[in-house]
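A.B. asks: Starting from these lines, generate the structure:
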Amino acid sequence: MTDTTGRGASRRPSIYDVARLAGVSHMTVSRVLNDHPNIRPSTRERVLKAIADTNYTPSSIARALATQRAMRIGVIVDSPVQYGPNSTLRALESAARDAGYAISAFSITDGDGQRLDAGVVELVTEGVDALCVIAPRASSLDLLGGLNLSLPLLVVKSEPHPGMHTVGVDQHEGAMLAVDHLIEIGHRSIVHLAGPQDWYDARVRQRGWRDALTAAGLDLSEPVVGDWTSDFGYAFARDVDASAGTAIFAANDQMALGVIHGLSERGLRVPQDISVVGFDDLPDARHFLPPLTTVRQDFAALGALAVRSLVAAIDGADAEQHEMIPPTLKVRASTAALAS
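C.D. replies: Numbers count the residues shown, from 1 in each chain. Next up is the predicted model:
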């Protein structure tokens, strides 16, 4: 490492070292690091050369001092043990790190919704620059609506919400992809194992199932409401009337796993007797027996979109009121054409 101060090579170079070498202020270095448009090309080139010569790596502390920001985003995550919220939080952490921000997270579990207020107070007290709420359940978002915040706020939700900036994966499109796939391979009676109805994603996936069947002119059965667990899927499959449908669309992969288990114990083969589709594309979904056809949510893209929107709001730029990531269908061996 180049020593620009004469005090030995053990100290990490600072933004002030870069500024001295480039002959500019530390605020100019900060603007270059943040890709500010109002920097002369010759100045930008000089600063970039000084960064390379000093082997300077911007730290969140240095950026915070230079920009008068905490360089920290507060995240309130509801039901963090569930796959979707947990994956969204991890994606946010990765995307925030790439953008030079840290994440402070506050978790809310079932029956703990009243702590949302406490979470907001705790994160704001830490001095975060913006808040992101991963709010899969209606009960949590209802509490958030009564808060008066002066910080930029973003909600991770698959559909627009009045008065809030939102981003999400298109759950309705994902459900349509799953059901349309079953229809295309000949299935006309498709049972839906839905998620808990307090969850926005469960409601939207159910509506996507309904809309796909309606668009195809097919009959609707009453969906069965589950609890996201493989145990519920197993119990459902053990009891379901085998003649009720030729295919099952489960609202998540965990319930789909239980469905496959329960059907196999009854001597029903997947997909020869009944096709099964899930939602999420868990890392293990391709190793189910049989490998599961499912809808994949791109959480990395979702995290990047959320952080990009938050940083734009922190910078005072206008942001889209609602943005969505498209899902994809992963066709595997748990679905097959209906035997004639």
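A.B. asks: Sketch out the helices for the stretch 151-300 of the chain, chain order is fine.
C.D. replies: Using DSSP state H, counting those that start in this stretch, the helices of the stretch 151-300 of the chain run over 171-184, 200-215, 230-239, 253-265, 299-314.
A.B. asks: wait, which of the ones you listed is closest to L292?
C.D. replies: Proximity to L292 (C-beta to C-beta) singles out helix 253-265 among these, at 5.8 Å. (Glycine included, C-beta is placed from N, CA and C.)
A.B. asks: Quick one: list the elements packing against that closest one.
C.D. replies: Where contact means 3 or more C-beta pairs under 8 Å, 6 or more residues apart in numbering; DSSP states H and E, helix 253-265 is packed against strand 190-194, helix 230-239, strand 247-250, strand 275-277.
A.B. asks: correct me, but L292 touches A285?
C.D. replies: Yes: between L292 and A285 a contact is recorded at 4.4 Å, counting by C-beta atoms under 8 Å.
A.B. asks: Now do the shared contacts for the two.
C.D. replies: Shared contacts of L292 and A285, defined by C-beta atoms under 8 Å, 6 or more residues apart in numbering, are found at 253, 278, 332.
A.B. asks: okay, V124: pLDDT?
C.D. replies: In this model, V124 is scored at 82, pLDDT.
A.B. asks: What of A312?
C.D. replies: At A312, pLDDT is 91.
A.B. asks: Look up the closest residue to it, ignoring the ones flanking it.
C.D. replies: Spatially, and ignoring its direct neighbours in sequence, A312 is nearest to A319 (5.1 Å; C-beta to C-beta, 6 or more residues apart in numbering).
A.B. asks: picking up where we left off before, in TSV, list the helices and strands packed on helix 253-265 along with mean pLDDT.
C.D. replies: Output for the helices and strands packed on helix 253-265, formatted as TSV (pLDDT from 0 to 100):
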stretch	mean pLDDT
strand 190-194	97
helix 230-239	96
strand 247-250	98
strand 275-277	98
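A.B. asks: who's in contact with the residue positioned nearest the centre of the chain?
C.D. replies: Among the residues of the chain, the one closest to the centroid is T88, at 3.3 Å (C-alpha atoms, centre = their mean). With contact taken as C-beta under 8 Å, 6+ apart, T88 is in contact with 77, 134, 156, 299, 302-303, 306.
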